[in-house]
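Colleague: fold the stuff below for me.
(2 chains)
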Amino acid sequence: MKIKKSLLIQILAFVIILTIISILINNLLINLARSQMTLNFNWLNTTAGFALSEYSLPYTPNDSYAWAILVAWINSLKVILASLFLSTLFGVLAISARLSGNSLLKFLSNFYVAFVRQTPLLLQLLFWYFVAFLSLPESSILPPNLFVQLTNNGIHTLGIKLSAEFSALLIGLSIFTGASIAEVLRGGINSVSRGQWEAYRSLGIKEIQGLCKVIFPQALPAIIPGLTSQYLNLAKNSTLAIAIGYADIYAVSDTTITQTGRAIEGFIILLLSFLLLNLIISNAMNIVNRIVSDKKYKL
Amino acid sequence: MINNVLQNKKNTPITCIITIPRRNIKQSIMSKKNLLTVLAIALACFGCSNQNHGTISRLDIIQKRGELKCGISGKIPGFSYLQQNGKYQGIDVDICKAIAAAIIGDPSKVQYRTLTAPERFTALRSGEIDVLSRNTTFNLSRDSIGGNGVTFAPTIFHDGQGILVKKSSRINSIKDLNNSTICVGSGTTTELNLNDIFQERKLNYKPIKYQDLNQVVAGYRQGRCKAMTSDRSQLAAVKANLPDRKNHKILEEILSKEPLAPASIGGDQKLSDAVRWTIYALIAAEEFNITQNNINIKIELAKADNTNTSLRRLLGIDGNLGSKLGLRNDFVANIIRNTGNYGEIYNRNLGPKSSVTIPRGLNNLYTNGGLLIAPPLK
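Modeller: Residues are numbered from 1 along each chain as shown, chains lettered A, B, ... in the order given. Okay, here's the model as predicted:
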């Protein structure tokens, strides 16, 4: 009987949600039909007619809108993946500095986390782009034989040229997310009971080894969910690229929408591409989570 | 240790898990009837939305509301710019005021909405704004049902796209810009024109696109781009605001024609007619030499002189031109009394004494060698 009731409620709730959604869609379609702009994706095959400042796949303005959007999606992917690694690195560095006995490092780490987390990301991006990168001289400020060169055109390293827009976005996003990641790591490490620290120390295990082999594996299950949401935030925050001229998917959709007048279709594509991207990230992190959780019981 | 904690954690919540759903079930059964009625109403509402729409013109809505919602840029000196007193000023703003004077009878009854280029058409189509007066280029794609689906009023400013460069760069023509970076606003016709010109001439370039004009200017000033491109009117305004304005120049070449015009939603003839004839009234008033200062004298003269039929009709003394549009018969007089004629609006915002000076050129009356002409207000 109990099961039946709960099942009934679930079905009811499902029907209600479905009704609301269909009312919304119905409304949308009616209103679109009224303003004579029913959903239509044919424009994706027409010529885009705008150039992009950077592309990983061959692109000319004579390519289609669909291709331009794909190229822009890859641009987004590029900066997001690079930021994932760099922000994790910053986070790990910050937490290592905090855990180290050195009080100067500790202070610097605290300052970094506090300062970066308490200022808006858009402001930071504008700072990195307009103040840090574009204020650089045209010739590199670093000694010419160094493997990395910094100019107002961006970073040149190991034969790869990163534009000023890409570099500013990468650094801005990574530093911003890195601070949050440091806090997630700290929370995870603090969740390991004090006794575990005392245990490895009393066994005479070295500090680094103890951290890596005793503390960190136990902290990981608490870290992963927080880390996942930071990664997802990073992906979404990358759309602020539009403020500093990087040709990411949001910026290109923006141009596409004004040129074609297809706002709803444009947003649907934007929505789906981010959904796809974030599903990939969260699923990958879920797999990591499962592996990590399994290990916990082996300990 | 860990196991103990885990078990404890397991034990306590279980009671909660059992109790909470029980309460929920009871409450749900109680409210099941309510839920069903909600569902029934929701289902009944399925078709509600397509009734009672489509026939009411936005003109009537504006008159009923007593306020005009006007979309502007708010960032272009001379066109629409926030003054130190917190009020918007510019030719686009004056057009909003003129339309409000025509429709509502009061130029102050305008609610300004600042919009970015990509937002503007969506804002217009969704009804967020009634009229778009935001240095918008009039072209086929935007005017047509298959495109942005708006209806344009007559051009209020004939512009052309230009290029701003630093004098020290020694760039004198578009040809010199081969293989250089150019800063441009995203989602504008500017972006398309730039591409067309460079492709036609088989030149290469790299666009750096920003969403906001201020960022385009910052990118250009900081040296990210060799040049920035926009409508020449905007470039003139940008240049006027640069501290080192003498070191910059606008290239002679014009990339495209950019007729800037206000727009209203497509398929609403009543509103688009009112907007269109407001613009024509401004131009016609200049032709008739009716100004803010002499409007009352002109009205007296026209009232006294039965033979001056065209002036009497324009000022609403004879005929019923206004009521044909759904406006008051003296709507032209009302506009001019409040904003002045087109020439006065131009001089106030873009004339020699204003902060942004652009010679009238094409934006003069056809009688003075320009392109402005109003069809007869008959």
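Colleague: in contact with residue 250, which residues?
Modeller: Just so you know, I chose chain A. Taking C-beta atoms under 8 Å, 6 or more residues apart in numbering or on different chains, we find A:Tyr250 in contact with A:76, A:239, A:241-242, A:270. In this view, the C-beta of every residue, glycine as well, is placed from N, C-alpha and C.
Colleague: I was thinking of chain B, sorry if that wasn't clear
Modeller: B:162-164, B:232, B:235-236, B:239.
Colleague: can you name the two of these that are farthest apart?
Modeller: B:Ile163 and B:Ala236 (12.5 Å; C-beta to C-beta).
Colleague: the two: which is more packed in?
Modeller: With neighbours defined as other C-beta atoms under 10 Å in any protein chain shown, B:Ile163 and B:Ala236 compare such that B:Ile163 has more, 25 against 22.
Colleague: helix/strand/coil for the more buried one?
Modeller: In the three-state summary, B:Ile163 is assigned as strand, counting by DSSP: H, G, I helix; E, B strand; the rest coil.
Colleague: and for the closest residue to it other than its chain neighbours, the neighbour number?
Modeller: Using C-beta to C-beta, 6 or more residues apart in numbering or on different chains and skipping the chain neighbours, the partner closest in space to B:Ile163 is B:Leu251 (4.5 Å). By other C-beta under 10 Å, 20 other residues sit near B:Leu251.
Colleague: these two touch, right, B:Leu251 and B:Asn172?
Modeller: Yes: the pair B:Leu251 / B:Asn172 is scored as a contact, 7.3 Å apart, by C-beta atoms under 8 Å.
Colleague: got the residues of the stretch 51-200 of chain B near chain A?
Modeller: B:53-54, B:117-118, B:121-122, B:125, B:141-142, B:145, B:147-149, B:181, B:183, B:186-188, B:191-192, B:194-196, B:198-199 (C-beta under 8 Å from any C-beta of the partner chain).
Colleague: backbone phi and psi for residue 85, please?
Modeller: Went with chain A since none was named. Note on A:Phe85: its backbone torsions stand at phi -70, psi -50 [degrees, to the nearest 10].
Colleague: meant chain B actually
Modeller: According to degrees, to the nearest 10, the main-chain angles of B:Asn85 amount to phi -80, psi 10.
Colleague: count of neighbours near it?
Modeller: As a burial measure, B:Asn85 scores 6 neighbours (other C-beta under 10 Å).
Colleague: same check on A:Ile9?
Modeller: So A:Ile9, with other C-beta under 10 Å, has 17 neighbours.
Colleague: same deal with B:Gly319?
Modeller: Neighbour tally, B:Gly319, other C-beta under 10 Å: 15.
Colleague: so B:Lys206 lies in a helix, does it not?
Modeller: No: going by three-state DSSP, the assignment for B:Lys206 is strand, not a helix.
Colleague: now it. Nearest residue, chain neighbours left out?
Modeller: Leaving aside its sequence neighbours, B:Lys206 sits nearest to B:Thr181 (C-beta to C-beta, 6+ apart; 4.6 Å).
Colleague: now swap in B:Lys209 and tell me
Modeller: Nearest residue to B:Lys209 in three dimensions, chain neighbours excluded: B:Ser186, at 4.0 Å (C-beta to C-beta, 6+ apart).
Colleague: that neighbour against A:Thr256, yeah?
Modeller: No: here B:Ser186 lies out of contact with A:Thr256, judged by C-beta under 8 Å, at a distance of 10.1 Å.
Colleague: which SSE is immediately downstream of the one helix or strand A:Leu170 maps to?
Modeller: Secondary structure from DSSP states H and E places A:Leu170 in helix A:164-190. Downstream of helix A:164-190, the first helix or strand assigned by DSSP H and E is helix A:194-202.
Colleague: packing partners for that next one?
Modeller: helix A:207-210 (3 or more C-beta pairs under 8 Å, 6 or more residues apart in numbering or on different chains; DSSP states H and E).
Colleague: chain center to the very next helix or strand once past the helix it packs on, what's the gap?
Modeller: Note on helix A:207-210: by DSSP H and E, the next helix or strand toward the C-terminus is helix A:216-237. Computed by C-alpha atoms, centre = their mean, to the nearest Å, the chain-centroid distance of helix A:216-237 equals 11 Å.
Colleague: pull out the buried positions in helix A:216-237.
Modeller: Neighbour-count burial for helix A:216-237, counted by 16 or more other C-beta atoms under 10 Å in any protein chain shown, picks out A:218-220, A:222-224, A:226-228, A:230-235, A:237.
Colleague: same check, this time on stretch B:143-157
Modeller: Residues B:143, B:147-157 are the ones in stretch B:143-157 that count as buried (16+ other C-beta under 10 Å).
Colleague: can you check stretch B:350-369 too?
Modeller: Quick answer for stretch B:350-369 (16+ other C-beta under 10 Å): B:350-351, B:354, B:356, B:358, B:360, B:362-365.
Colleague: now the residues you listed in JSON lines, with secondary structure, distance to A:Leu150 and pLDDT?
Modeller: Below are those laid out as JSON lines (DSSP: H, G, I helix; E, B strand; the rest coil; distance: C-beta to C-beta, whole Å; pLDDT from 0 to 100):
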{"residue": "B:Leu350", "secondary structure": "helix", "distance to A:Leu150": "43", "pLDDT": "91"}
{"residue": "B:Gly351", "secondary structure": "coil", "distance to A:Leu150": "47", "pLDDT": "89"}
{"residue": "B:Ser354", "secondary structure": "coil", "distance to A:Leu150": "43", "pLDDT": "85"}
{"residue": "B:Val356", "secondary structure": "coil", "distance to A:Leu150": "38", "pLDDT": "82"}
{"residue": "B:Ile358", "secondary structure": "coil", "distance to A:Leu150": "41", "pLDDT": "86"}
{"residue": "B:Arg360", "secondary structure": "coil", "distance to A:Leu150": "48", "pLDDT": "88"}
{"residue": "B:Leu362", "secondary structure": "helix", "distance to A:Leu150": "47", "pLDDT": "89"}
{"residue": "B:Asn363", "secondary structure": "helix", "distance to A:Leu150": "47", "pLDDT": "93"}
{"residue": "B:Asn364", "secondary structure": "coil", "distance to A:Leu150": "52", "pLDDT": "94"}
{"residue": "B:Leu365", "secondary structure": "strand", "distance to A:Leu150": "56", "pLDDT": "95"}
